[in-house]
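Chemist: predicted model and sequence below, questions to follow.
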Amino acid sequence: MTALLSRVRALPKLAINAFKRDTANFSSRHVYFGLVAVFGFPLYYYVWHDLFPQPYENLPLRLVGAAVFIPVVFSKLWPEPLKRFFPLYWYVALLLALPTFFTYMLLQNEGSTVWLLSSLVALFIMILLLDAINLLIHIAVGVLIAVAAYDFTAGFPALAMIASLEYVPIFLFAIAMGIIVSYTGEKMRAERQQAMLATAGMVAHELRTPLSSIKAGATGVRQHLPVLLESYELATKNQLVTGSIRPVHLESMAGVLDRIEAEADRSNTVIDMLLYSVRGLRMKKEEFVTCSMAHCVDVALRRYPFNSEKDRALVQWKPRPDFTFVGVEMLMVHVIFNLLKNALRHISLAGKGTIAIALEAGEQECRLVFRDTGPGIPADVLPHIFTRYYSWPKHGDGIVETTGIGLSFCREVINAFGGTIDCRSRIGEFSEFLITFPRSYV
């Protein structure tokens, strides 16, 4: 019973996350869908009122339906503060345009064949756009609103009429098939994640073994190198050496070993980043401890596999004022790794930019600010960057987030620690990630 109640309580969050994912996956087609709705609502008034007259039509209602989708057509022009509310607007627009409108018109037209088929088409569109949970929510809420509106305008109960309609089983069958199709899609996503995890584990295993051997070899050579160099110097003094080694090469040997060990460590760090991102969160609250944010950033900057000292020099770091949070240090380090990875890719593709990391400790909240002055993130992409598996094609200077895993992992970690992570960006100027914890929490 407890497990069942916990699953029921989790449904709203599951529905919200699923709809955000579906909205992100459909983002490139919002404008086209909106155009079809804006022109389709009034166009079909002409079709059903003049060409093939139906018992009931309502031009004002259709104009309202068209008006609802005008903001969708111009969604890319929304002010930045409002873009975060687009998924909610899209959710309500679909609710009103599909189950509510088509059910209301079906009732007003007394279940005519035209509106029966139209409602089935609307249901088919909903199956394409929504996951199983939101499909059921839309149908339940939309039908209730439509029935209430019909009862109010028609003056007699619609429920008795619905119960007598012979096509109710058809809709129930279509809904059941829609849920099955949606479940199949969810299962495919889960299998995709498992396949990625298996591949990542295999790659990690295959890489860690030679990396360990390389590092162990370098460590072994380091232990014996002083003796070998001393022997070489003695042999040189006693003219026992037939070939000489230049002094600069002798001095560089120790540095070469340092670089070999450092590259092995960096490669292992990249493997850790991959595994953490693909596996997702597997942690327990009792494992949380009080962590210093400044220490986490220091560790991340020390361990991150920068390609060169030039890349390392792009990072400007202000460690004061420090603050603490309750969580897992290594997971926070990997959050910073992901932000560094994305920022450096931004900068490399744009050929410009620096990275600034700073801490802020206010009276109400404490914050880590991670800002890069690369090409920025496109406005239509920004609302979806934390959605798992969401990826976007080239915009201007190139691909930024290609797998759709890293930033979703960052949000999962920060939310688990009781904080939030948000992003604001201006194309061509900057991208800024804000990791915030309430003051009372830290």
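Modeler: Received the coordinates, thanks. Numbering: from 1, shown residues only.
Chemist: measure T100 to T420 for me?
Modeler: Distance, T100 to T420, by Cβ to Cβ, to the nearest Å: 33 Å. C-betas here are computed from N, CA, C, even on glycine.
Chemist: the two: who's more crowded?
Modeler: Higher neighbour count among T100 and T420: T100, with 23 against 15, using other Cβ atoms under 10 Å.
Chemist: tell me the pLDDT of the most far-flung residue of the chain relative to its centre.
Modeler: In the chain, counting by Cα atoms, centre = their mean, N238 sits farthest out from the average C-alpha position, at 67.6 Å. If you check N238, the pLDDT there is 77.
Chemist: that one and V299, how far apart?
Modeler: Distance from N238 to V299, by Cβ to Cβ: 49 Å.
Chemist: in the protein, which residue is closest to the centre?
Modeler: T387 (2.1 Å).
Chemist: pLDDT score for that one?
Modeler: 77.
Chemist: cool, and the one 3 residues further on?
Modeler: Per-residue confidence (pLDDT) for Y390: 66.
Chemist: again, but for V289
Modeler: Note for V289: predicted pLDDT of 89.
Chemist: chain neighbours aside, what residue packs nearest to it?
Modeler: V326 (7.1 Å; Cβ to Cβ, 6 or more residues apart in numbering).
Chemist: kindly report the same for F171.
Modeler: Counting by Cβ to Cβ, 6+ apart, the nearest residue to F171 once its immediate chain neighbours are dropped is L123, at 6.9 Å.
Chemist: need the three-state assignment for that neighbour.
Modeler: helix (DSSP: H, G, I helix; E, B strand; the rest coil).
Chemist: for R302, same thing?
Modeler: Quick answer, by three-state DSSP: R302 is helix.
Chemist: which parts of stretch 50-59 are buried?
Modeler: By 16 or more other Cβ atoms under 10 Å, the buried positions in stretch 50-59 come out as 54, 56-58.
Chemist: can you give me the domain boundaries for this protein?
Modeler: For the chain, the structural domains run 13-165, 205-279, 286-438, going by automatic domain parsing.
Chemist: show me where the stretch 201-350 of the chain has strands.
Modeler: 289-292, 315-318, 324-327 (DSSP state E, counting those that start in this stretch).
Chemist: listing partners with orientation, what would you give for the second one?
Modeler: Meaning strand 315-318. Partners of strand 315-318 in the sheet, by DSSP bridges, are strand 355-361 (parallel).
Chemist: now swap in the first one and tell me
Modeler: For strand 289-292, the paired strands and their directions (DSSP bridges) read strand 324-327 (antiparallel).
Chemist: hmm, who's touching the partner strand?
Modeler: By Cβ atoms under 8 Å, 6 or more residues apart in numbering, the residues outside strand 324-327 that reach it are 288-293, 332, 366, 413, 416-419, 437, 441-442.
Chemist: which of the residues you listed fall in helices?
Modeler: Using DSSP state H, 293, 332, 413, 416 are the members of the contacts of strand 324-327 that sit in helices.
Chemist: these into TSV, with extra columns for pLDDT, distance to V73 and neighbour count?
Modeler: Shown next, in TSV, are the ones in helices among the contacts of strand 324-327 (pLDDT from 0 to 100; distance: Cβ to Cβ, whole Å; neighbours: other Cβ atoms under 10 Å):
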residue	pLDDT	distance to V73	neighbour count
M293	94	43	25
M332	91	41	26
V413	87	36	23
A416	85	38	15
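Chemist: which one of these sits closest to F86?
Modeler: Distance ranking of those against F86, using Cβ to Cβ, places V413 first at 25.1 Å.
Chemist: so how far is R439 from that closest one?
Modeler: 20 Å.
Chemist: then L95?
Modeler: 38 Å.
Chemist: could you identify the most distant pair in the contacts of strand 324-327?
Modeler: Using Cβ to Cβ, the contacts of strand 324-327 span at most 18.2 Å, a distance reached by S292 and A416.
Chemist: wait, V141 touches L95, no?
Modeler: Yes: judged on Cβ atoms under 8 Å, V141 makes contact with L95 at a distance of 6.3 Å.
Chemist: these two: who's more crowded?
Modeler: Neighbours were counted for V141 and for L95 using other Cβ under 10 Å; L95 has more, 19 against 13.
Chemist: no further queries at this time; thank you.
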